[in-house]
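Asks: Fold the following for me, if possible:
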Amino acid sequence: MAVEEYLTKMEHLEAQVKELGSKHKLLESRVKELESKLKQHEGRVKEFRSKEEELESKEKEFEGRVREFETKEAEFKKRVREFEMKQLEMLKSKEEQLEGELKDLEWMQNEFDEQLKELEIRENQYDEDQSSHTIDDGWNLQLLFAHV
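Replies: Sure, this is the predicted structure:
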């Protein structure tokens with residue numbers, strides 16, 4: 001019965017490990033996607049800055065537009081920083097969650113190992129008890145026949 005429980009627990013642990021692996025791969029995929037979007041954004045920012053320089057050369061004519069643009073750019077950069085911070089917090093939170101799940105799995109594995117050791121000790125004790133009964137029964141029969 002304990003072996004079945006052990007196998008069930010092992011299957012459960014293996015399923016959890018596979019699930020964590022899948023979640024980890026999904027997280028890595030999401031990180032790569034975000035990195036790609038960040039690179040695209042950086043490319044757009046560079047392109048945008050070159051246009052900004054062109055507008056500054058026409059500063060007298062476009063002074064009002066440049067001010068408006070700079071305000072929007074600052075707001076955009078602020079949003080980008082906020083977005084990056086939120087993404088970083090989310091990734092850290094996910095990492096902490098995965099670390100917590102890993103610790104739980106390690107704890108469960110340790111518990112399982114302890115239970116397995118107990119089971120092996122009991123099994124060895126049972127085997128010793130069985131062999132001792134067999135030896136005692138044989139000895140009793142010899143004594144019985146010796147008196148006859």
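
Asks: Quick one: the helices in this protein, in order.
Replies: 2-57, 59-147 (DSSP state H).

Asks: Check the ones you listed for me: which has the lowest mean pLDDT.
Replies: When the helices of the chain are compared by mean pLDDT, helix 59-147 comes last with a mean of 84.

Asks: elements contacting it?
Replies: Counting contacts by 3 or more Cβ pairs under 8 Å, 6 or more residues apart in numbering; DSSP states H and E, helix 59-147 packs against helix 2-57. Bear in mind the C-beta positions are built from the backbone N, C-alpha and C, glycine included.

Asks: Packing partners of the helix it packs on?
Replies: By 3+ Cβ pairs under 8 Å, 6+ apart, helix 2-57 packs against helix 59-147.

Asks: ok now the helix it packs on, how far from the chain's centre?
Replies: Chain-centre distance of helix 59-147: 8 Å, with Cα atoms, centre = their mean, to the nearest Å.

Asks: Stretch 13-32 too?
Replies: On Cα atoms, centre = their mean, the centre of stretch 13-32 falls 7 Å from that of its chain.

Asks: Nothing else from me, thank you.
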